[in-house]
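Undergrad: Okay, predicted coordinates and the sequence, questions at the end:
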Amino acid sequence: MTPIIISTTQSSLICISVNIEIIISTTQSGLILFCFFSRTDVAAVTPWLAPIVWEGTFDPDLVDTIYKSMNITIATTVFAVGKYVRFLRDFLETAEKHFLVDFNVRYYVFTDRPDDVPSVNLSQGRHLSVIQVPGSNRWQEISARRMEIIQTAIERQISREADYIFCLDVDSKFHARWGAESLGRLVAVIHPWFYQATRDHFTYERRPASTAYIPMDEGDYYYAGAVFGGLLEEVYTLTKVCRNQLEEDARNSIEAAWQEESHLNRYLLYNKTSKLLSPEYQWDDKKTKTKEVKVIRFSSVVKNYAEIRPNV
Ligand SMILES: CC(=O)N[C@H]1[C@@H](OP(=O)(O)OP(=O)(O)OC[C@H]2O[C@@H](n3ccc(=O)[nH]c3=O)[C@H](O)[C@@H]2O)O[C@H](CO)[C@H](O)[C@@H]1O
Ligand SMILES: [Mn+2]
């Protein structure tokens, strides 16, 4: 919520806003009202003091202004392999309306069907590259190989073209502002189906034979594989480690419960995020909105798995 500044003078600044804590203090020169953005119904910080981004915990204009002055470019990877090309148009068109508007954004579309990539009008400062990747007859492999492909693309191209990166699922749409409040050194999103669950319900990989293994008494949050990001060098290391672990598991004929999502969860257990995005940034259209979620910014569309995936 943006405070409304109703009067400013040299010595006083008065802010009025509804539903925020207002702490009043006096100075020699007059009355100053300080506005604190706060939420008491959700945790807005992790135990290691990383912010958890919820509506009402930041000033959208201020945070955008700070990052705009840095003239940064944000890479955004999205995979559309096989029939998933059908999601690209909505993904890109809604991103143009809501995703890091007025920032330099470079989309990298990875697909086996480059001819089917829709042409979407992009605003100034925004570019799209298509990178051809092989198809597969297993969705698990398409999803998991993203780590390797992103790592390679960062090495070959993206590291020269951007400062930050987000790696997103394509079967999704943007519905509301996703701004610079999402940027940080290492960023992940809390899975919408698990943000109210206790650790024993998290669907981490529980078999010690997998390199994604997390013991029952460890783990902070259950992170969704559909959104992660951060500085290029941080995400490069993340994808490299996850790729190596996926390949080691494959050599040992084991596939983690939720493929790269399991490896992401393991990586983030030992390499803590600097910022966490609330489920506002990864909702699921199958899930009824809960009262904590004041705004849905990005969500997975409902899809027919049997029809859309190469295997079930
Ligand atoms: C509810 C559920 O089941 N969630 C799991 C499922 O998410 P999802 O159902 O979100 O997986 P998904 O089918 O969206 O696949 C992930 C992404 O891989 C790409 N893709 C996938 C298949 C394909 O044929 N073509 C293609 O391009 C595409 O960018 C897609 O968005 O699978 C993921 C795979 O690790 C995670 O484990 C999720 O937790
Ligand atoms: Mn998805």
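TA: Sure thing, it's come through. Ligands and ions are numbered 1, 2, ... in the order given.

Undergrad: Phi and psi next, for the most centrally placed residue in the chain.
TA: Centroid check for the chain by Cα atoms, centre = their mean gives Val227 as the closest residue, at 3.6 Å. Backbone geometry at Val227, expressed as degrees, to the nearest 10, gives phi -150, psi 120.

Undergrad: Quick check: pLDDT value at it.
TA: As predicted, Val227 sits at a pLDDT of 98.

Undergrad: What sits closest to it if chain neighbours are left out?
TA: For Val227, ignoring the flanking residues on the chain, the nearest one in space by Cβ to Cβ, 6 or more residues apart in numbering is Val189 at 4.1 Å. Every C-beta, even on glycine, is put in place using the N, C-alpha and C of the backbone.

Undergrad: what's the answer for Leu128, then?
TA: Of all residues not flanking Leu128 in the chain, Tyr107 sits nearest, at 4.4 Å (Cβ to Cβ, 6+ apart).

Undergrad: and if you look at Asp90?
TA: Spatial nearest neighbour of Asp90, chain neighbours left out: Lys173 (5.2 Å); criterion: Cβ to Cβ, 6+ apart.

Undergrad: Which of the helices or strands spans the one you found?
TA: Of the helices and strands defined by DSSP states H and E, Lys173 is found in strand 172-174.

Undergrad: Is ligand 2 within reach of the next helix or strand after that strand?
TA: Using DSSP H and E, the next helix or strand after strand 172-174 towards the C-terminus is strand 186-190. No - judged by Cβ under 5 Å from the ion, strand 186-190 stays clear of ligand 2, getting no closer than 12.1 Å.

Undergrad: Mind listing the strands strand 186-190 pairs with, and their directions?
TA: strand 223-231 (antiparallel), strand 275-277 (parallel) (DSSP bridges).

Undergrad: now the strands for the stretch 101-250 of the chain?
TA: 104-111, 126-132, 164-168, 172-174, 186-190, 223-231 (DSSP state E, counting those that start in this stretch).

Undergrad: Sort out which residues of the biggest helix by length in the chain are buried, please.
TA: Counting by DSSP state H, the longest helix found in the chain is helix 232-251. Neighbour-count burial for helix 232-251 flags 232, 234-243, 245-246, 249 (criterion: 16 or more other Cβ atoms under 10 Å).
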